[in-house]
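> coordinates only, sequence not included:
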């Protein structure tokens, strides 16, 4: 990559990070844990080199947390799903998205993708299936 191309890339990533800040603030508002006995399911998503793992994710229609980690050693990535977005994550960086009571998505299928320019077109996308929480199998914590 030329020096000019590298400068343009850094400039673009900086602007994307700044543009994502309000979305991240909304997504993270109220992230503090409550002293409630209710357990909220936690799901893991890994952003790789133009990949999202798992590429197909089933989530409950109720409250949950989604821990998103950029496992790509080279590129920044972000995740957009269910009208929420992470910030642009540097390699190795993580962010937790919290879906609280009153913010639950409705049952249905949704697209998730990286919104760094060009990444979705390179295949960094997947599907989220939101299902009635009662239909998900329970696992021992």
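The structure has been received and is ready for your questions. Since the model is a prediction, treat every value here as computed from it, not as a measurement.
> Which residue ranges of this protein form strands?
42-48, 51-53, 56-60, 64-70, 80-81, 84-85, 94-99, 108-113, 125-131 (DSSP state E).
> For residue 63, the count of nearby residues, please.
Other residues near residue 63 come to 17 when the count uses other C-beta atoms under 10 Å. C-beta: built from backbone N, CA, C; applies to glycine.
> follow-up on the earlier one: could you dump the strands of the chain to a markdown table with mean pLDDT?
As requested, the strands of the chain are exported to a markdown table (pLDDT from 0 to 100):
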| stretch | mean pLDDT |
| --- | --- |
| strand 42-48 | 97 |
| strand 51-53 | 97 |
| strand 56-60 | 92 |
| strand 64-70 | 95 |
| strand 80-81 | 93 |
| strand 84-85 | 91 |
| strand 94-99 | 93 |
| strand 108-113 | 94 |
| strand 125-131 | 94 |
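> Using JSON lines, lay out those together with mean neighbour count and distance to residue 119.
Formatted as JSON lines, the strands of the chain follow (neighbours: other C-beta atoms under 10 Å; distance: least, C-beta to C-beta, whole Å):
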{"stretch": "strand 42-48", "mean neighbour count": "18", "distance to residue 119": "9"}
{"stretch": "strand 51-53", "mean neighbour count": "19", "distance to residue 119": "10"}
{"stretch": "strand 56-60", "mean neighbour count": "17", "distance to residue 119": "18"}
{"stretch": "strand 64-70", "mean neighbour count": "20", "distance to residue 119": "11"}
{"stretch": "strand 80-81", "mean neighbour count": "21", "distance to residue 119": "11"}
{"stretch": "strand 84-85", "mean neighbour count": "20", "distance to residue 119": "13"}
{"stretch": "strand 94-99", "mean neighbour count": "18", "distance to residue 119": "16"}
{"stretch": "strand 108-113", "mean neighbour count": "15", "distance to residue 119": "8"}
{"stretch": "strand 125-131", "mean neighbour count": "17", "distance to residue 119": "8"}
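> how long is stretch 80-93 from one end to the other?
16 Å (C-alpha to C-alpha, to the nearest Å).
> typo on my end, stretch 39-58
18 Å.
> Many thanks, have a good one.
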